[in-house]
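Enquirer: Give me coordinates for this.
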Amino acid sequence: MKRVPWLPREHCVFPDIAEALEEPNGLLAAGGDLTPDWLLCAYQAGAFPWYDEEQPILWWSPDPRCIIIPTSFMPSRSLAKRLRRSNYEVHVDRDFHSVIRLCSERPSTKGDDGASRGEGTWITPEMMHAYIELHELGFAHSVECYIEGRLAGGLYGVAMGNLFFGESMFHRETDASKIAFAYLMKMMASKGSEMVDCQITNPHLESLGAIEIPREAFRQKLQAGLAASEIDWQRIKGKVNLEQ
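Expert: Residues are numbered from 1 along each chain as shown. The predicted structure follows:
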């Protein structure tokens, strides 16, 4: 029986993602830490953390991998109609802390309106602190939808090169997270990004146009995206216009 390697905190080195288990699909390693260095190292290697409070840190790289190609994103007829309304605003990094907190409070299960990998409780306080640190360092970002001035939905993830690694999304009002998602797709397409990583497939992501690709194909897109010119998120920060 194949064993999952234990990663000591002192050395931020991941096994090759091809060595991940088939069952459970994609379990690559355990241990390590959630410092910014560890998280950035994980994304560069093609892995991401996912575990609950009763488990050690677990790192995953499933095969196939769920992604969306920004240039192929087409909003549904109902979402396109919603985007034409004028009672909302979209902002980048206006309130990252609230976005990740609201994502962590989501009781919904995998497949509901969001990129959740399971019960919302997987975003533990430790996980929240880790991604807030990444945000303060300029690597983690939120895209937020405000309806009539109120934070109604949004998403957060990690940006490296010209890639975005989606972590979770939430909504308080219908279609609010989809509006944020539509902006993210438009922005990433304008920057020449060939991939937004969605990690694990669920019906909601599929409805937005996400597809599954072999892990080796994901690795190739990952390497190309990391080598590309980095997106200047500081210039994007603030209120955005979906029509631009």
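Enquirer: Every contact and neighbour count from this point should use C-alpha atoms.
Expert: Noted.
Enquirer: so where does residue 67 fall, helix or strand?
Expert: Using DSSP states H and E, residue 67 falls within strand 65-68.
Enquirer: Output that strand as CSV, restricted to C-alpha atoms.
Expert: The C-alpha coordinates for strand 65-68 follow below in CSV (Å, rounded to 0.1, in the frame of the first residue of the first chain):
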residue,chain,number,x,y,z
ARG,A,65,-7.9,18.7,-12.5
CYS,A,66,-10.8,21.2,-12.8
ILE,A,67,-10.0,24.4,-14.6
ILE,A,68,-11.7,27.1,-16.6
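Enquirer: Can you give the domain ranges for this protein?
Expert: 6-60, 65-240 (automatic domain parsing).
Enquirer: contacting residues for residue 181?
Expert: Taking CA atoms under 8 Å, 6 or more residues apart in numbering as the criterion, residue 181 is in contact with 143, 154, 155.
Enquirer: For residue 165, see how far away it is.
Expert: Computed as CA to CA, to the nearest Å, the residue 181 to residue 165 distance reads 13 Å.
Enquirer: do residue 46 as well
Expert: Plainly put, residue 46 is 10 Å away from residue 165 if you go by CA to CA.
Enquirer: in the sheet, who's paired with residue 141?
Expert: Residue 141 has these beta-bridge partners by DSSP bridges: residue 157.
Enquirer: And the domains of the chain, which one averages the lowest pLDDT?
Expert: Of all the domains of the chain, the minimum mean pLDDT falls on domain 65-240 (a mean of 90).
Enquirer: Deepest-packed of the domains of the chain, please.
Expert: domain 65-240 (a mean of 19; mean count of other CA atoms under 10 Å).
Enquirer: State the next helix or strand along the chain beyond the longest helix along the chain.
Expert: In the chain, taking DSSP state H as the definition, the longest helix is helix 176-190. Following helix 176-190 in sequence order, the next helix or strand is strand 196-199 (DSSP H and E).
Enquirer: chain center to that following strand, what's the gap?
Expert: Counting by CA atoms, centre = their mean, to the nearest Å, strand 196-199 is centred 6 Å from the centre of its parent chain.
Enquirer: cool, stretch 132-148 as well?
Expert: For stretch 132-148 - counting by CA atoms, centre = their mean - the centre lies 11 Å from the chain centre.
Enquirer: Likewise for stretch 140-158?
Expert: 13 Å.
Enquirer: Can you tell me what sits against that stretch?
Expert: Here stretch 140-158 has contacts from 87-96, 99-100, 103, 131-132, 134-135, 139, 159, 164-173, 176-177, 179-181, 183-184, using CA under 8 Å, 6+ apart.
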